[in-house]
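*Asks:* Okay, structure incoming, though there's no sequence with it:
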Ligand SMILES: [Mg+2]
């Protein structure tokens, strides 16, 4: 099975619409103007970005907790309306790789810090949604490692993979590599996001690539 991150991995430079939806949702629900400018959003889960924005706006933890569900729902609604066509934002090698994996009947899932409504819309606008049979999304757990765990449990529980199946997680950020490590699965790091190959190398992924054009099915099946 292969699990994919979205931003910086399947898609590159998808535009400001995702951040804008978070900012607009906070303004509409919490009534405060915020920004994501000072937040290192790469590799973060959407609800953690929202919590950071609200903390910066000096909103108490109790109020944040009370307002988050409403803000999350509104952000996903807003994004669905604002999301542009993303077909030209698909990262190099992604379409060809997904086609090959699909043809080989390898189960494909998402492990993403995006809320499910945002992730689904992004992939639909990129023309990639039909490749993925399931996913674990921001709202499903507190950390990326936990999301990966949920995805693996689901795939095993549904009988899509055997208990000893080899599982890969592909991502562009150290948090993706960490999530793979926490679950004892293999990590592929691609330098198509904000992290450089050098930065990713220091987290020792099993495979490090400049982009996904370089990944073959043989790489996934090779003993190493
Ligand atoms: Mg990413």
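*Replies:* Cool, got the structure. Keep in mind that this is a model prediction, so the values were computed, not measured.
*Asks:* Report the buried residues of stretch 39-53.
*Replies:* 39, 41, 43-53 (16 or more other CB atoms under 10 Å). To be clear about C-beta, it is placed using only N, CA and C from the backbone, and glycine gets the same treatment.
*Asks:* what's the answer for stretch 182-195, then?
*Replies:* Using 16+ other CB under 10 Å as the burial criterion, the residues of stretch 182-195 that qualify are 183, 185-193, 195.
*Asks:* Between the two ends of that stretch, what distance do you get?
*Replies:* Stretch 182-195 stretches 20 Å from its first residue to its last (CA to CA, to the nearest Å).
*Asks:* Give me the average confidence score over it.
*Replies:* Across stretch 182-195, pLDDT averages out at 97.
*Asks:* The spatially most central residue of the chain - nearest residue in space that isn't next to it in sequence?
*Replies:* Nearest to the geometric centre of the chain sits residue 112, at 2.3 Å (CA atoms, centre = their mean). Sequence neighbours aside, residue 6 is the residue nearest to residue 112 in space, at 4.5 Å (criterion: CB to CB, 6 or more residues apart in numbering).
*Asks:* Residue 220 too?
*Replies:* residue 168 (6.2 Å).
*Asks:* go on, residue 13?
*Replies:* residue 89 (6.1 Å).
*Asks:* what do you get for residue 23?
*Replies:* Nearest-residue entry for residue 23: residue 34, 5.9 Å, with adjacent residues in sequence omitted and distances by CB to CB, 6+ apart.
*Asks:* Does that neighbour touch residue 57 like I think?
*Replies:* Yes. Counting by CB atoms under 8 Å, residue 57 is a contact partner of residue 34 at 5.1 Å.
*Asks:* Which neighbours do those two have in common?
*Replies:* Common contacts of residue 34 and residue 57, defined by CB atoms under 8 Å, 6 or more residues apart in numbering, comprise residue 26.
*Asks:* More neighbours: those two, which one.
*Replies:* Using other CB atoms under 10 Å, the more surrounded residue of residue 34 and residue 57 is residue 34, with 21 against 16.
*Asks:* Close to the ion: what parts of the protein are there?
*Replies:* Taking CB under 5 Å from the ion as the criterion, the neighbours of the ion within the chain are 5, 7-8, 172-173.
*Asks:* can I get the residues you listed in CSV with pLDDT, neighbour count and secondary structure?
*Replies:* Shown next, in CSV, are the residues of the chain next to the ion (pLDDT from 0 to 100; neighbours: other CB atoms under 10 Å; DSSP: H, G, I helix; E, B strand; the rest coil):
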residue, pLDDT, neighbour count, secondary structure
5, 98, 28, coil
7, 97, 26, strand
8, 97, 22, coil
172, 98, 27, coil
173, 97, 26, coil
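*Asks:* need the contact list for whichever residue of the chain sits closest to the ion.
*Replies:* Going by CB to the ion, the ion is nearest to residue 8 of the chain, at 3.8 Å. Residues near residue 8 by CB under 8 Å, 6+ apart: 42, 91, 171-173, 190, 192-195.
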